[in-house]
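# Okay, here's the prediction I keep looking at, along with the sequence it came from:
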Amino acid sequence: MTVLNPGTTRSTGEAPVLPRPPIPVEEIGEATIRLAGDSGDGMQLAGTQFTHTSALLGNDISTLPDFPAEIRAPAGTLAGVSGFQIHFSSSDIHTPGDQLNTLVAMNPAALKTNLKDLEPGGILIVNSDAFSSADLHKAGYPSNPLEDGSLKGYRVFAVPITKLNREAVAELKLSPREADRCKNFFALGLVYWLYERSLEPTLRWIQTKFSKNPSIMEANTRALKAGYNYGETTEAMPVHYRVSKAKIPPGRYRKITGNEALALGLTAASKQAGLPLVYASYPITPASDILHQLAELKRYGVRTLQAEDEIAAIGAAIGAAFAGALGVTGTSGPGICLKSEAIGLAVMTELPVVIIDVQRGGPSTGLPTKTEQADLLQAMFGRNGECPVCVLAPCSPADCFHMAFEAVRLAIGFMTPVILLSDGYLANGAEPWLIPDPARLPKIPVQFAQPHAGSNGAAVFHPYARDARLVRPWAVPGTPGLEHRIGGLEKEDITGNVSYDPANHEHMVRTRAQKIANIAKDIPELTVTGPSEGDVLVLGWGGTYGSIITACQRAQRKGWKVAQAHLRYLNPMPRNTGEVLKRYRKVLIPELNGGQLRLLIRATYLVDAVGLNKIQGKPFLVSEIEAKIEELLRC
Amino acid sequence: MSTTMALPTLTPKDLASDQEVRWCPGCGDYSILAQMKKALAGLGIPREKFVFISGIGCSSRFPYYMNTYGFHTIHGRAPTIATGLKLVRPDLSVWVITGDGDGLSIGGNHLIHAIRRNMDLKIILFNNEIYGLTKGQYSPTSRIGTRTKSSPLGSIDTPLRPLSLALGADATFVARTLDVDVNHLTETLKRAAAHKGTAFVEVYQNCKIFNDGVFEYATDKSVKADNVLYLQHGRPLVFGKDRNKGIRLHGLNPEVVELGNGIALDDLLVHDEKADEPSLAYLLSRMVYPHFPECIGVFRCVERPTYEDVLNKQMDDEIARRGAGKLEDLFASDETWVVE
């Protein structure tokens, strides 16, 4: 394995391409940039490359890709703008950043939709070639903002990116269209110079990616270097910046998105359980990448099924679980609606199935590419009958690995469906991941039922007999002597035969509920960061962790008695949850929904929690939570 | 000690569960249950290797009455659960029990996709042209004009032909049989069991309560010979009490002809269940009483790799090519860096 040391080139002070007297470098602790352009401009690719390079350089990173649901909205329009935001730092960070220090706008539409997020005095790099009157008209600009003085509060660098990029690749005799497709790399090269990044990781990527197309490989290489050299040689920018390596726990790292981490977590759990993984899924944004990742892992014992619909996907997962394998399905909110009846079947038959919901804006088709946390109550209650399942939620992209593993552990351990609530922000966002040592991952114990003879010598098997935790046996077809029938009709206690007996039904409903409640004994307690009692506890769940912890840290630095706790286990909640809540004068629950956890907390613990609710398809800004904390402290 | 394993010898009784059978008296399902036990008992497959998976409806209670593994799932979804099971356990003999409502209405999508994938499933569709468990509404196979509680003036939607649908989804094994023709039913189930891939069997099944006698034309001994045609591979399509009628092709359409008067056996269509193209089988599946005799027997039986075999081969090939996956390689499958 190649151990990269991206810092080496930098520490000698050499520029990687063209040695010359350096433009002064200013050391800064962190920066937030956004690359924005048309959805066909390759901004997601450029952003991913910047993230990758920064991670390899040793920065802590957090990203926020933001793209339209349309694959190619009309070029140059506001609807078609695609952006990629990266926060990179020399210290521990948890969010993609509230405000941009640098914005790259490849056209007027990108400028118009993103400028409000740029800090006053921030760096604004625009592709001045894309500001023709037609371009301005499409974006709804009555006059050219590059000329009308409206950008005077920013440090504007109008760069003729299209023209310079075409010149850089001119010798290669590409079509104008092919040449222009490299301009994202020109822009990326310029930003690499601005933040003193090495070109090497991206050059390596270009070589691998375009190995079968040498002229495109060469064009992208030249575009990237030309962008870098433009910054280096033109002195258009008087300064550039250095963000040093972050001091984060030692070990081997890689960059990981939430969806990647889910795929890896499931695969690791399947290995540690010694069970083949069956992942059945129907393509849906923003969950499809999990299917793509797992489809490549056949040699890890992973079987994937692209099912005919959402119901078939969970049906196959349940069938796999019945067969004694690890059955998993993944989807987003609309898919959960379709799977609801089958989840009920898995509850009734008490089979271990993991259901991943990568939440997006709803209801209905909603905002397919935007994040939201509005499926919590659906996960809790969205089925007919008394139908409790275990519900978990990861708190960061890297945490998706851990919580996927936990979902498998609890599903198998308690013979229950587990719903794992990720979201669009976690799914596509990236951060460094401290790679675990596979040898130190815990084993997931699996106990299949074994036949045993009854008093008359004949084999007896009771599929609904239970252990002390109320868990029923897992009896796999093909095992002699365990032949039995299960199904969606109410079961008679112990025998599992169909029963319509009233007392039995109540007993079974209560038993299934108690079994889920018993999971609380097998999960960690809720931990608090900050004072163990005080004025405000900020309680969150899921993907809002980064914004909440950052806001709370800032509040604590101001000397405020503010603590933070995060629920990754939502059903059941950690056993000390009620006790923790009562130690604070006020409980604030920020959520990207109308107040779903707040409803649960108020109903369960009779705590008069206050909500901070944002339903815009976007994550919280740290400042939004900070302001709410301050407001609560004042009243 | 013997070094060879004796084939398990099961009797139909060994395959009966201890549950009381609760279909209505006179229901065609009793016969199918009895013939199923008879057919399976002779296969030499141990009991624990059979799995019965059903959806919802009268027919879907079937698994409770078999002393095998069984899963009574939800409405229309049995093929999906059977698919998941088969992906990991290709060694099991998996039977999907469904009905005209379960399989063709709410579960139509899953049925066609299981068939097109050629999962190694035996799908037995009990067609009684009515919803029984919900007390007598018309079903997707009910003939136009069927009067029920939900169609008091007669149903107006065109019925689905289950076998035409299966053939349209490229089914590799398609057959039709009758609940009361016990020998043919048993033999058809055995043929389905022997087929590697999706075996789709439509069973004309009488609902004594809500649709009694709907298949009388095909089952009443006094008329059936003129109304059904028993298919035999490689034989001309002959039927009738006096075996004097046959099916001839007129252009692209079948026609009923009487033998004699210049029409000989050689002029008749010859059944070929092994034909690569399903066109002939499709044509037969469209023959409907009273204009035609309805065909009974195996319409199509061809070979095609099963989905699960191809999937498992892909896995084996990947492992042979790149080695069994190790977690440390997977974790480091993107570029990594070390923080000291």
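Ah, there it is.

# What are the boundaries of the strands in the stretch 151-300 of chain B?
Applying DSSP state E, counting those that start in this stretch to the stretch 151-300 of chain B gives strands spanning B:173-178, B:199-204, B:228-230, B:238-239, B:245-250, B:253-258, B:294-301.

# quick one: residue A:261 and residue A:404 touch, right?
Yes - if you go by C-beta atoms under 8 Å, residue A:261 and residue A:404 touch, sitting 7.1 Å apart. Where C-beta positions appear, they are placed from N, C-alpha and C, glycine not excepted.

# shared neighbours of these two, which are they?
Residues touching both residue A:261 and residue A:404 by C-beta atoms under 8 Å, 6 or more residues apart in numbering or on different chains: residue A:394.

# tell me the contacts of residue 241?
Using chain A. A:25-28, A:31, A:194-196.

# hmm, I had chain B in mind actually
Counting by C-beta under 8 Å, 6+ apart, residue B:241 has contacts B:225-226.

# So which residues on the stretch 51-200 of chain A come close to chain B?
Applying C-beta under 8 Å from any C-beta of the partner chain, one finds that the stretch 51-200 of chain A approaches chain B through A:52, A:55-56, A:58.

# Compare those and tell me which has the most neighbours.
Most neighbours among these, by other C-beta atoms under 10 Å in any protein chain shown: residue A:55, with 29 neighbours.

# For residue A:92, see how far away that residue is.
Separation of residue A:55 from residue A:92 (C-beta to C-beta, to the nearest Å): 14 Å.

# ditto for residue B:25
Applying C-beta to C-beta, the value for residue B:25 to residue A:92 is 74 Å.

# Neighbour count: these two, which is higher?
residue A:92 (13 against 7).

# Which helix or which strand is home to that one?
Residue A:92 belongs to no helix or strand when assigned by DSSP states H and E.

# Surely it and residue A:59 touch.
No - assessed by C-beta under 8 Å, residue A:92 is found out of contact with residue A:59, at 10.8 Å.

# So for these two, which residues contact both of them?
residue A:246.

# what residues does the stretch 201-340 of chain B put near chain A?
So the stretch 201-340 of chain B meets chain A at B:311, B:314-315, B:318-319, B:322-328, B:330-332, B:334-340 (C-beta under 8 Å from any C-beta).

# which among those end up buried?
Among these, the ones that count as buried by 16 or more other C-beta atoms under 10 Å in any protein chain shown are B:311, B:315, B:318, B:325, B:327, B:330-331, B:335-337.

# excluding its backbone neighbours, what's nearest residue A:469?
Using C-beta to C-beta, 6 or more residues apart in numbering or on different chains and skipping the chain neighbours, the partner closest in space to residue A:469 is residue A:518 (5.0 Å).

# my bad, residue A:40
Using C-beta to C-beta, 6+ apart, the nearest residue to residue A:40 is residue A:72, at 5.6 Å.

# do residue A:340 as well
residue A:383 (5.0 Å).

# who touches whichever residue of the stretch 101-250 of chain B sits closest to chain A in this structure?
Of all residues in the stretch 101-250 of chain B, residue B:113 sits closest to chain A, at 4.0 Å by C-beta to the nearest C-beta. By C-beta under 8 Å, 6+ apart, residue B:113 lies in contact with A:307-308, A:312, B:79, B:169.

# Distance from whichever strand or helix holds it to the middle of the chain?
Using DSSP H and E, residue B:113 sits in helix B:108-117. The chain centroid and the centroid of helix B:108-117 are separated by 12 Å, computed with C-alpha atoms, centre = their mean, to the nearest Å.

# likewise stretch B:60-70?
17 Å.

# Any part of it near chain A?
Yes - using C-beta under 8 Å from any C-beta, stretch B:60-70 reaches chain A at B:63-64, B:66-70.

# So which of those residues wins on neighbours?
residue B:69 (28 neighbours).

# pretty sure it is touching residue A:487, no?
No - the pair residue B:69 / residue A:487 is not scored as a contact, 11.8 Å apart, by C-beta under 8 Å.

# ok, the closest residue to residue A:123 other than its chain neighbours to residue A:111 distance?
Excluding its sequence neighbours, the residue lying closest to residue A:123 (C-beta to C-beta, 6+ apart) is residue A:102, at 4.2 Å. As judged by C-beta to C-beta, residue A:102 and residue A:111 stand 13 Å apart.

# Now do the shared contacts for these two.
Both residue A:102 and residue A:111 are contacted by residue A:124, under the criterion C-beta under 8 Å, 6+ apart.

# These two: who's more crowded?
Comparing residue A:102 with residue A:111 by other C-beta under 10 Å, the one with more neighbours is residue A:111, at 27 against 23.

# neighbours around residue A:173, how many?
9.

# so who does it touch?
Counted by C-beta under 8 Å, 6+ apart, residue A:173 has zero contacts.

# do the one 5 residues further on as well
Taking C-beta under 8 Å, 6+ apart as the definition of contact, the neighbours of residue A:178 are A:216, A:219.

# in which helix or strand would I find it?
Assigned by DSSP H and E, residue A:178 falls in helix A:176-180.

# send the alpha carbons of that helix over as PDB?
Once non-C-alpha atoms are left out, helix A:176-180 reads as follows in PDB (Å, rounded to 0.1, in the frame of the first residue of the first chain):
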ATOM      1  CA  PRO A 176     -14.600  23.100 -28.700                       C
ATOM      2  CA  ARG A 177     -17.000  21.100 -26.600                       C
ATOM      3  CA  GLU A 178     -14.300  18.700 -25.500                       C
ATOM      4  CA  ALA A 179     -12.000  21.500 -24.700                       C
ATOM      5  CA  ASP A 180     -14.600  23.400 -22.700                       C
END
